[in-house]
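*Asks:* Here is a sequence with its predicted model. Questions after.
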Amino acid sequence: MFYVYIDGFNLYKGSLEHNPQFKWLDLRKLSQLLTGETDVRQIKYFTARLKTRFEGDKSNERQNTYLRVLRASGIDIIYGEFRKRRIWSPIVSPVLNEFTYPTLSNPLGLTKRTVMRMWEEAHPQVPKSHTYRFQEKGSDVNLASHLLRDVFSGNTKQVLVISGDSDLFTPLRFVSDAGADVRIAIPGYQPNILQKFRKLFPQAELISKEVLSSSQFENPFKTENNHLISKPKEWL
């Protein structure tokens, strides 16, 4: 019986960010379609709670609505951290681009690296802007940790991982070498990533829009207590 491990932000970025009509995603239906099994033992969804990015941003409220539906449908949610911090970022300088590109002819034998050093010495004070940086941290480590623990403790020998993160190669190879049946489903259209995964896992596949369309919750979603949760209007 399959255990399923879902990298929430990788799934969002790959398949859902530009397809809001699929965001009301039933992860159990999705897992059943991808494994071909109706009896999926456990589904673990790795994510982080969003923080407000700008005044009027409601994305965290929409996420909370979706997380309520996932919990009500029996999905285990494991949280990482969503970091919001202020940093000074250098502004892209068109003058620098014009100075270094296209590649200059080098009758004096100047390399591109030398030209860059000349630029830095001539223009040490690059204008900067005070910006926010948003980073999701911990989900990939949490996913790998749960995967390794579940396989090596004997909880499962069949796993489906929904992610296109190549940082998971090593833990995936470890559980495969331990005899686990490993399936990989990659969000979005990423043929290059698919090719890399298939070198180790020939059954790796891309998640199609047809599969996403067939894996949607009812709207509104009815909980066991007959409470109705409606899909955010931005996702209709």
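*Replies:* On my side now, so go ahead.

*Asks:* Can you show me the helices along this structure?
*Replies:* Ranges of helices in the chain, per DSSP state H, are 8-11, 27-35, 59-72, 94-100, 112-122, 139-152, 169-177, 191-200, 209-213.

*Asks:* could you give me the average pLDDT of the first one?
*Replies:* Pointing back at helix 8-11 there. Helix 8-11 comes out with an average pLDDT of 96.

*Asks:* how about low-confidence regions in this protein?
*Replies:* The chain contains residues with pLDDT under 70 at 83-88, 92-112, 115, 119-127, 130-135.

*Asks:* which of the residues in stretch 14-23 are buried?
*Replies:* Residues of stretch 14-23 classed as buried by neighbour count (16 or more other C-beta atoms under 10 Å): Gly14, Ser15, Leu16, Phe22, Lys23. Yep, even glycine has a C-beta here, placed from its N, CA and C like the rest.

*Asks:* got the contact list for that stretch?
*Replies:* Defining contact as C-beta atoms under 8 Å, 6 or more residues apart in numbering, one finds that stretch 14-23 is touched by 25, 66, 164, 186-188, 190, 207, 209, 212-213, 216, 232, 234-236.

*Asks:* And it, end to end?
*Replies:* One end of stretch 14-23 to the other measures 12 Å (C-alpha to C-alpha, to the nearest Å).

*Asks:* for stretch 202-220, same thing?
*Replies:* 38 Å.

*Asks:* Buried residues, that stretch. List them.
*Replies:* Of all the residues in stretch 202-220, those buried under the rule 16+ other C-beta under 10 Å are Ala204, Leu206, Ile207, Val211, Leu212, Ser215, Gln216, Phe217.

*Asks:* want to throw these into JSON lines with distance to Pro90?
*Replies:* Converted to JSON lines, the buried residues of stretch 202-220 look like this (distance: C-beta to C-beta, whole Å):
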{"residue": "Ala204", "distance to Pro90": "38"}
{"residue": "Leu206", "distance to Pro90": "36"}
{"residue": "Ile207", "distance to Pro90": "37"}
{"residue": "Val211", "distance to Pro90": "42"}
{"residue": "Leu212", "distance to Pro90": "38"}
{"residue": "Ser215", "distance to Pro90": "42"}
{"residue": "Gln216", "distance to Pro90": "43"}
{"residue": "Phe217", "distance to Pro90": "44"}
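
*Asks:* among the residues you listed, which two are most distant?
*Replies:* The span of those, defined through C-beta to C-beta, is set by Ala204 and Phe217 at 26.4 Å.

*Asks:* Show me which of the buried residues of stretch 202-220 is closest to Pro171.
*Replies:* For the buried residues of stretch 202-220, the residue nearest Pro171 by C-beta to C-beta is Ala204; the value is 15.2 Å.

*Asks:* I figured that closest one hits Gln190, correct?
*Replies:* No: at 10.6 Å, Ala204 and Gln190 do not qualify as touching, with contact defined as C-beta atoms under 8 Å.

*Asks:* Span of stretch 184-193 from start to end?
*Replies:* So stretch 184-193: terminal residues 11 Å apart, C-alpha to C-alpha.

*Asks:* Give me the distance between it and the centre of its chain.
*Replies:* For stretch 184-193, the gap between its own C-alpha mean and the chain's C-alpha mean amounts to 11 Å (C-alpha atoms, centre = their mean, to the nearest Å).

*Asks:* what's the burial count for Lys58?
*Replies:* With neighbours defined by other C-beta atoms under 10 Å, the count for Lys58 comes to 10.

*Asks:* so what's it up against?
*Replies:* Neighbours of Lys58 in contact, by C-beta under 8 Å, 6+ apart: Glu234.

*Asks:* For it, give me phi and psi.
*Replies:* In this entry, Lys58 is assigned phi and psi values of phi -110, psi 10 (degrees, to the nearest 10).
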